[in-house]
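Enquirer: what would the 3D arrangement of this be:
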Amino acid sequence: MQENILNTIKFPKDLRKVSEKELPQLAKELREFIINIIATKEGHLGASLGVVELTIALHYVFNTPEDILVWDVGHQAYGHKILTGRKEIFHTNRQLGGISGFPKRAESEYDTFGVGHSSTAISAALGMAIASKLKGETNKQHIAVVGDASIASGMAFEALNHAGVTDTNLLVILNDNAIGIDPSVGALKDYFTKVKGNGAKDADNIFEALNFNYTGPIDGHNLHLVISELNRLKNVSGPKVLHIITTKGKGLRQAEENQVVYHAPGKFDALTGDLAPKSNNVQPPKFQDVFGKTLVELATKNEKIIGITPAMPTGSSLKFMMDAFPERAFDVGIAEQHAVTFAAGLATQGFTVFCNIYSTFLQRAYDQVIHDVCLQKIPVIFCLDRAGIVGEDGATHHGIFDLAYLNCIPNLILFAPRNEFELRNIMFTAQEGLELPIFIRYPRGRGTLLNWQNPFKKVEIGKAHFLQKGTEIAVLTIGTMANNALEAIEKLTTLQREKVGLVDVRFLKPMDESLLHEVFSNYKTIITIEDGTVVGGLGSSVVLFASKHHYKNPIEILGVPDVFPEHGTVSELQEQSGISSEKIFIKLQKYL
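Expert: Below is the predicted model of the structure:
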């Protein structure tokens, strides 16, 4: 048997020259390659290990990139990247200037569709299949690989509903591993569990009912069986589903046994699989844990409190509430639209609903926010985790649009805490009863305070704070950008520092207009700083205020420019966007 087959493969055309009997050896090598690099460079591990055999089989059987392969969700695609010309640069994955952690059209012709969010592949592949039909490309194959529980999303079912009445060359591969980032939930998961146990019966097969030709379930780690089925399905006309059973984290014992942690485990020992030892230093808490633990604290005293998350109980730390009050906490699966309107329905019946959604994923429920919540003034409490620049997950995951996309909606309160105290206090204030829905946005990662579990204090809605007074320049920040500004001001000379006033705006809606009048009346220059887009956020609101009241002060807006920032560390990307403490320091010096 040839040693290191992987080294002979640069593109799928090289893979297709390998004999089928050698492919299990290639699968072993591909797994080791992924494990060795992710152990030191970090990234998404479990999902890609689970589809190694499937990835090899797809590129072996189909003539990619002419045959179109769409991944869903994108963090399954590490093996795909390695086999499609990016093995030599795979170590740059998710790093500034390196390759993306997700399929990306600009990166490779093999990445046919950008996929960071879930449940998009069937719609995209169906569009491509219908395009091929219109162009008369009768032999072209279109494959959507749907994994990590994303079949349960509404969009996937909308696409299945449409595809079932088309005569298209579409193959949906259901990669069934019973887990997204956390274990799958819902009736569909129960259905798949029954199918695995009994085999599929035509009479009650959900896919057959939607006019799909269904095959399965089969063992997704049996390479020869998967190749055989793919070869057969190439010649079956119309929409098809191949249901394969895989194990997330396959090939690394710890990743198979602890699938939640090894979804994206950070650094670990490639030989043993053991996680890198954690520092014994006492660190400030993660914002998500401040949310999760505070919610339990509040729910202990307030029996009306409900917690909701779409498929992110661990990532959002709603898990604390689910453990403490399982009947009052709901993981609704990868279904952001449902989460928002479900929360609204509960809130109409007198419950105090905390709906925790990552900022980038709330974008998927924008209509529900407008139509089902704000239009009706239903006081849901939204906690938006991962707001601002999130780092290595890159363009699909940055939470940089929320300030702008929420700012333009009437009937809401929009708040960003600068630290853990502020997050606790606004949660306490919100659960005591508000007339409007509130959106509380906070970043990924840790805060700054060790002793953060202080007694609660009520927050005055719409009230900004001076963190320090000055004489010439007023710096207006929102959320944790106050910390960057404070660091920048500390670098100034004593004489320069005295000239700089710093305001924590806190509320983008409603804004503290009386404090803004004070700022414009007493300071020559205004600088706004936000970890969101410069279009539509804090800076835009301050300019609008100045225009309305005929102030002529120079205003400089610092924030994320009008681009999609790529992947890199949070500090690297803040530096690029001009909102790091160093860049703010340079800007202040220019005006001083």
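Enquirer: flag the shaky bits of the stretch 151-300 of the chain, pLDDT-wise.
Expert: The stretch 151-300 of the chain contains residues with pLDDT under 70 at 180-181, 197-203.
Enquirer: residue contacts, residue 46?
Expert: Counting by Cβ atoms under 8 Å, 6 or more residues apart in numbering, residue 46 touches 248-249, 255, 259, 262-263. Where C-beta positions appear, they are placed from N, C-alpha and C, glycine not excepted.
Enquirer: I'd assumed residue 274 was in contact with residue 39.
Expert: No - at 10.0 Å, residue 39 does not count as touching residue 274 under the criterion of Cβ atoms under 8 Å.
Enquirer: between those two, which has more neighbouring residues?
Expert: Counted by other Cβ atoms under 10 Å, residue 39 and residue 274 do not tie: residue 39 has more neighbours, with 22 against 11.
Enquirer: name the element the more buried one belongs to?
Expert: Using DSSP states H and E, the element containing residue 39 is helix 23-41.
Enquirer: what's the end-to-end length of stretch 38-57?
Expert: Chord length of stretch 38-57, first to last residue, is 23 Å (Cα to Cα, to the nearest Å).
Enquirer: buried ones in it?
Expert: For stretch 38-57, a neighbour-count test (16 or more other Cβ atoms under 10 Å) marks 38-39, 41-57 as buried.
Enquirer: what touches both of residue 39 and residue 274?
Expert: Any residue near both residue 39 and residue 274 by Cβ under 8 Å, 6+ apart counts here, and that gives residue 268.
Enquirer: what's the pLDDT at residue 130?
Expert: For residue 130, the model assigns a pLDDT of 97.
Enquirer: which non-adjacent residue is nearest it?
Expert: residue 168 (5.9 Å; Cβ to Cβ, 6 or more residues apart in numbering).
Enquirer: shouldn't the one you found be in contact with residue 129?
Expert: Yes - judged on Cβ under 8 Å, residue 168 makes contact with residue 129 at a distance of 3.9 Å.
Enquirer: ok, the two, which is more surrounded?
Expert: residue 129 (25 against 21).
Enquirer: shaky segments in the protein?
Expert: Applying pLDDT under 70 to the chain picks out residues 1-2, 180-181, 197-203.
Enquirer: OK, contacts around the residue nearest in space to the middle of it?
Expert: Geometric centre of the chain, nearest residue: residue 397, 4.5 Å, by Cα atoms, centre = their mean. Residue 397 sits next to 116, 358, 360, 386, 390 when contact means Cβ under 8 Å, 6+ apart.
Enquirer: how about 10 Å then?
Expert: With contact taken as Cβ atoms under 10 Å, 6 or more residues apart in numbering, residue 397 is in contact with 101-102, 116-117, 358-361, 386, 389-391, 444, 567.
Enquirer: filter the residues you listed down to just the ones in helices.
Expert: 359-361 (DSSP state H).
Enquirer: closest one of those to residue 92?
Expert: Of all these, residue 92 sits closest to residue 360, with 22.8 Å by Cβ to Cβ.
Enquirer: before we move on, back to that, measure the residue nearest to residue 130 to residue 56 for me?
Expert: Separation of residue 168 from residue 56 (Cβ to Cβ, to the nearest Å): 26 Å.
Enquirer: the residue nearest to residue 130 contacts residue 137, correct?
Expert: No - checked against Cβ atoms under 10 Å, the pair residue 168 and residue 137 is beyond contact range at 11.3 Å.
Enquirer: could you tell me which residues touch both of the two?
Expert: The contact sets of residue 168 and residue 137 overlap at 129, 131 (Cβ under 10 Å, 6+ apart).
Enquirer: out of the contacts of residue 397, which are inside strands?
Expert: Among the contacts of residue 397, the members found in strands (DSSP state E) are 358, 386.
Enquirer: closest one to residue 349 out of the contacts of residue 397, please.
Expert: The closest of these, once distances to residue 349 are taken by Cβ to Cβ, is residue 361, at 25.2 Å.
Enquirer: who's in contact with that closest one?
Expert: Going by Cβ under 10 Å, 6+ apart, residue 361 touches 117-118, 309-312, 334, 336, 339, 384-386, 397, 399.
Enquirer: nearest to residue 232 among these?
Expert: Out of the contacts of residue 361, the member with the shortest distance to residue 232 (by Cβ to Cβ) is residue 118, at 28.3 Å.
Enquirer: quick check: that closest one touching residue 151?
Expert: Yes - contact criterion Cβ under 10 Å: residue 118 and residue 151 qualify, at 9.2 Å.
Enquirer: find residues that contact each of the two.
Expert: Joint contacts of residue 118 and residue 151 (Cβ under 10 Å, 6+ apart) are 72, 334.
Enquirer: just confirm residue 442 is within a helix.
Expert: No - counting by DSSP: H, G, I helix; E, B strand; the rest coil, residue 442 is not part of a helix but strand.
Enquirer: contacting residues around it?
Expert: 286-288, 290-291, 359, 383-388, 399, 415-420, 422-423, 426, 479-480.
Enquirer: and the residues you listed, which of them are in helices?
Expert: Filtering the contacts of residue 442 for helices - DSSP H - leaves 287-288, 290-291, 359, 420, 422-423, 426.
Enquirer: taking those, tell me the two that lie furthest apart.
Expert: 359 and 420, at 18.3 Å, using Cβ to Cβ across the ones in helices among the contacts of residue 442.
Enquirer: rewinding a little: can you dump the C-alpha atoms of the helix or strand following the helix holding residue 39 in PDB for me?
Expert: Per DSSP H and E, the first helix or strand lying C-terminal to helix 23-41 is helix 46-50. Taking Å, rounded to 0.1, in the frame of the first residue of the first chain, the C-alpha atoms of helix 46-50 are listed here in PDB:
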ATOM      1  CA  GLY A  46     -15.700  17.500  15.100                       C
ATOM      2  CA  ALA A  47     -17.900  18.300  12.100                       C
ATOM      3  CA  SER A  48     -15.000  17.900   9.600                       C
ATOM      4  CA  LEU A  49     -13.800  14.600  11.100                       C
ATOM      5  CA  GLY A  50     -17.300  13.200  10.800                       C
END
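Enquirer: could you check the angle helix 23-41 makes with the following helix or strand past helix 46-50?
Expert: On the C-terminal side of helix 46-50, the nearest following helix or strand under DSSP H and E is helix 52-61. Helix 52-61 and helix 23-41 are oriented at 120 degrees to each other (axes from the mean of the first three to the mean of the last three Cα atoms, to 10 degrees).
Enquirer: rewinding a little: quick one: the residue nearest to the centre of the chain from residue 77, how far?
Expert: Here residue 397 is placed at a distance of 15 Å from residue 77 (Cβ to Cβ).
Enquirer: residue 215 falls within a strand, correct?
Expert: Yes - judged by three-state DSSP, residue 215 forms part of a strand.
Enquirer: skip the chain neighbours and tell me the closest residue to it.
Expert: Of all residues not flanking residue 215 in the chain, residue 242 sits nearest, at 5.0 Å (Cβ to Cβ, 6+ apart).
Enquirer: PyMOL command for the buried members of the ones in helices among the contacts of residue 442?
Expert: Applying 16+ other Cβ under 10 Å to the ones in helices among the contacts of residue 442 leaves a buried subset, and the PyMOL line that selects it is:
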select buried, resi 287+288+290+291+359+420+422+423+426
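Enquirer: and of the ones in helices among the contacts of residue 442, the nearest to residue 164?
Expert: Set against residue 164, the nearest of these by Cβ to Cβ is residue 359 (34.0 Å).
Enquirer: so what's that closest one up against?
Expert: Taking Cβ under 10 Å, 6+ apart as the test, what residue 359 contacts is 382, 384-388, 390, 397-403, 405-406, 439, 441-444, 532.
Enquirer: now do the helices in the stretch 351-500 of the chain.
Expert: For the stretch 351-500 of the chain, applying DSSP state H, counting those that start in this stretch gives helices covering 359-362, 366-368, 402-407, 420-431, 481-490, 494-497.
Enquirer: now the strands for the stretch 451-592 of the chain?
Expert: Residue ranges of the strands in the stretch 451-592 of the chain, as given by DSSP state E, counting those that start in this stretch, are 465-468, 473-477, 500-504, 507-509, 525-533, 555-560.
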